[in-house]
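J.: what shape does this take:
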Amino acid sequence: MKKMMFAGETRCGKSSLIRALSGESYTPRRAMAVEYFGPFINTPGEFLENSWFYHALITSSADCHVLALVQDSTRRTSLFPPLFASMFNRTVLGIVTKTDSPDADPVLAERFLRQAGAKKIIRTSSVSGEGIEEILSVLNSSDAGPAMEDSRKLEENR
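T.: Okay, the predicted model is just below:
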C-alpha cells in the first residue's frame, strides 16, 4: 500500500478519513505536529492555514506517494491557492469530504480542488463510507505515480 499524506484546513475531515480508511481507531493529538498512522500522514490544518508553514508540507510530502488535498464540502471558501499542487512532486488527489451533510456543496468543493491543481477528485463521506473504496484502490494500485517513476529513472541512470 502506498503512503498518503493529507493536507487541508482544520476540521475538514482529515482524521475522519484516516479512521475510515484504516478501519482502526485513530485519535489525533491536535498538536502542531505531523502524525504518522500506518500508511497515512496527517498534517496539522495550520500548515495550510498559514503560508509560512508551506515548507513543512513540502518537506513532509517527501515521505508519501500520494498527496491528498482535502476540502470540506460545507465550506464556502478554500485556503488552497491556485495551482498549489504544482509545489509537490507527487501524485495529487483531491478529496471532497462531508458530502452527506445537508449544507454540502460538492460542486463548489471540486472547483476549489481543480483550481488548486488536483486532476482526480473523489467525493467522500466518513459516515456513509462513500468514496472510501475508491481511495483504497488508488493506494493499492500498481501505478507508482510521478515521484516513484522519477526515483526509478534516477536509479536506472546511475
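
J.: which element, helix or strand, includes the residue nearest to the spatial centre of the chain?
T.: The residue lying closest to the centre of the chain (CA atoms, centre = their mean) is Ala68, at 1.7 Å. Element membership for Ala68, per DSSP states H and E: strand 66-72.

J.: same check, this time on Ile58
T.: helix 54-60.

J.: can you pull the buried residues of that helix?
T.: Neighbour counts over helix 54-60 (16 or more other CB atoms under 10 Å) mark Ala56, Leu57, Ser60 as buried. All C-beta spots, glycine's among them, are computed from the backbone N, C-alpha and C.

J.: do stretch 94-113 as well
T.: By neighbour count with 16+ other CB under 10 Å, stretch 94-113 contains the buried residues 94-100, 104, 106, 108-110, 112-113.

J.: circling back: how far is the helix or strand sitting right after the strand holding Ala68 along the chain from where the chain is centred?
T.: Where DSSP H and E defines the elements, the next helix or strand beyond strand 66-72 is strand 91-97. Relative to the mean C-alpha coordinate of its chain, strand 91-97 is positioned 5 Å out (CA atoms, centre = their mean, to the nearest Å).

J.: nothing else from me, thank you.
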